[in-house]
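[1] task: produce atomic coordinates for the following.
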Amino acid sequence: MNTQTHLEAFDAVDLIRTKRDHGELATPQIDWLIDAYTRGYVGDEQMAAMTMAIFLNGMTRREIKDLTLAMINSGERMSFAGLGKPTTDKHSTGGVGDKITLPLMPLVAVFGAAVPQALRPRAGAHRRHPRQARVDPRLARPPQQRGDVRPGSAITAA
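    Numbers count the residues shown, from 1 in each chain. Next up, the predicted model:
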């Protein structure tokens, strides 16, 4: 019987301990942590412990940059190059009481930036099944706004 064991480059507990003890994580450690978490090797409880250690002890600017880049590179990215203008996103965690998106998006658009938004479950989704989204009828989408933006779909400037 051939049982191959994949050796991981780092140990999550060691990285958590480093941050707990006010240490600094190297770029490869941060890259590994995010990769291992997205693969399911690092568990939610370990990532929660790392988050607590970071919250209590902070991160250097380089660590913040490395963590941000590792998170960006961990998933699929959508390209909005076809819009022909700078793009930005106001990311929402989906929390209750988001009161800034509605006034902020038109303000940003006035200055020439496109604000493509992927649709997410909203408006009370915390009280319903996660896949059951509701659209507030007072915020009906204007006819020129696309609500079907998905990875691989065509994006054209209006």
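[2] roughly how far does residue 75 sit from residue 8?
    21 Å (Cβ to Cβ, to the nearest Å). Quick note: C-beta positions are derived from backbone N, CA and C, even for glycine.
[3] neighbour-wise, which of those two wins?
    Ranked by neighbour count (other Cβ atoms under 10 Å), residue 75 and residue 8 place residue 8 first, with 13 against 9.
[4] the more buried one: helix or strand, and which one exactly?
    Here residue 8, judged by DSSP states H and E, is contained in no helix and no strand.
[5] now it. Its backbone dihedrals?
    phi -80, psi 150 (degrees, to the nearest 10).
[6] hang on, isn't it packed against residue 36?
    Yes - the pair residue 8 and residue 36 passes the contact test of Cβ atoms under 8 Å, sitting 6.6 Å apart.
[7] name the element residue 19 belongs to?
    helix 12-20.
[8] give the rounded mean pLDDT of stretch 73-85.
    In this model, stretch 73-85 has a mean pLDDT of 83.
[9] with just CA atoms, put whichever strand or helix holds residue 106 into CSV.
    Per DSSP H and E, residue 106 falls inside helix 101-110. Provided in CSV are the C-alpha atoms of helix 101-110 (Å, rounded to 0.1, in the frame of the first residue of the first chain):
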residue,chain,number,x,y,z
THR,A,101,-23.2,52.1,-0.5
LEU,A,102,-26.3,53.9,-1.7
PRO,A,103,-24.9,57.5,-1.4
LEU,A,104,-21.2,56.5,-2.2
MET,A,105,-21.6,54.7,-5.5
PRO,A,106,-23.1,57.7,-7.5
LEU,A,107,-20.6,60.0,-5.9
VAL,A,108,-17.7,57.9,-7.1
ALA,A,109,-19.3,57.5,-10.6
VAL,A,110,-19.6,61.3,-10.9
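[10] what residues does the helix holding residue 19 touch?
    24-25, 29, 33, 36, 41-43, 46, 49-50, 53-54, 56-57 (Cβ atoms under 8 Å, 6 or more residues apart in numbering).
[11] one more pass at 10 Å, please.
    For helix 12-20, contacts defined as Cβ atoms under 10 Å, 6 or more residues apart in numbering pick out 10-11, 23-26, 29-30, 32-33, 36-37, 41-43, 45-59, 63.
[12] which positions within it qualify as buried?
    12, 15, 16, 18, 19 (16 or more other Cβ atoms under 10 Å).
[13] can you convert these into a markdown table and add a column each for pLDDT and distance to residue 83?
    What follows is those, written out as a markdown table (pLDDT from 0 to 100; distance: Cβ to Cβ, whole Å):
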| residue | pLDDT | distance to residue 83 |
| --- | --- | --- |
| 12 | 96 | 40 |
| 15 | 97 | 39 |
| 16 | 98 | 41 |
| 18 | 98 | 42 |
| 19 | 97 | 39 |
